[in-house]
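In: next comes the sequence, and after it the predicted model I'd like to discuss.
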Amino acid sequence: MSPRYTITLILLIAAVLGSWYLTRSNIASDAEPGYNGSEHRGYYLKSARILGTGPDGGLLYEIDAARAEQQVDNRIQFEDVRIQYSPQSDVPWTIDADVATLYPDQQRLLLQGHVRAISERGFSDDETEIRTQYLEFDPENYIAETEERVQIRIGTRSITGTGMRASLNENKMEIKSNVSGRFIP
């Protein structure tokens, strides 16, 4: 073996080892949480079902979602959401939304996108439907609240307004401003 051949072989081996080392160190830094905001070590669930309990430990409500994912800041984001109270709670409301967000330090769910709350025996014991684009919902205290525009249908009557606070267990509602409606006897 000539010295020239040996030196070329050593340089090639050094180049291969150097490129391998650089490649490995780049892969390790890419996998770290928060790198470019693309990856984190949270969890996600498909076809998620979360159960909420009341003060007595019994089932109070269920959250069904097509997907639930823990975000970098520990909030949980749900997609294609349906929230229902248990039959034992005697609160006949179901709430649907495109997205719901739950922060770790809050009881409220922040619902967004085509939010719809429905009850067969809602306000005035009539079928009731509430529609809005944003709703803050506290399931343990039965409170639904928004500062956005709302459309409410109670039987054959319809009301629109800006801002609303509803107590779902008491079937009481307050529309805050810009109230207009249509009442058919």
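Out: Structure's in. What do you need? Numbers count the residues shown, from 1 in each chain.
In: any idea whether Leu12 is helix, strand or coil?
Out: Going by DSSP: H, G, I helix; E, B strand; the rest coil, the secondary structure assigned to Leu12 is helix.
In: tell me the mean pLDDT over stretch 143-152?
Out: Taken as a whole, stretch 143-152 carries a mean pLDDT of 95.
In: how about that stretch: buried residues?
Out: If you call a residue buried by 16 or more other CB atoms under 10 Å, then stretch 143-152 has these buried ones: Ile143, Ala144, Glu145, Thr146, Val150, Ile152. C-beta here means a position set from N, CA and C on the backbone, and glycine is covered the same way.
In: with stretch 175-185 instead?
Out: Going through stretch 175-185 with 16+ other CB under 10 Å, the ones that come out buried are Ile175.
In: and for stretch 46-59?
Out: Applying a neighbour-count criterion of 16+ other CB under 10 Å, one finds Ala48, Gly52 buried in stretch 46-59.
In: what does stretch 76-90 give?
Out: Neighbour-count burial for stretch 76-90, counted by 16+ other CB under 10 Å, picks out Ile76, Gln77, Phe78, Glu79, Val81, Arg82, Ile83, Gln84, Tyr85, Ser86, Ser89.
In: after the helix or strand of the chain with the lowest mean pLDDT, which helix or strand is next?
Out: Scoring the helices and strands of the chain by mean pLDDT, DSSP states H and E places helix 3-30 at the bottom, with a mean of 68. Using DSSP states H and E, the helix or strand that directly follows helix 3-30 along the chain is strand 44-53.
In: closest to Lys176 out of the buried residues of stretch 76-90?
Out: Nearest to Lys176 among the buried residues of stretch 76-90 is Ile83, at 22.9 Å by CB to CB.
In: could you list the domains of the chain?
Out: Under the assignment automatic domain parsing, the domains of the chain span 3-30, 42-182.
In: please identify the most buried of the ones you listed.
Out: Comparing these on average neighbours per residue, with mean count of other CB atoms under 10 Å, the densest one is domain 42-182 at a mean of 16.
In: distance check, the spatially most central residue of the chain against Arg116.
Out: For the chain, the residue lying nearest the average C-alpha position, counting by CA atoms, centre = their mean, turns out to be Ala100 (2.4 Å). In this structure, Ala100 lies at 13 Å from Arg116, with CB to CB, to the nearest Å as the measure.
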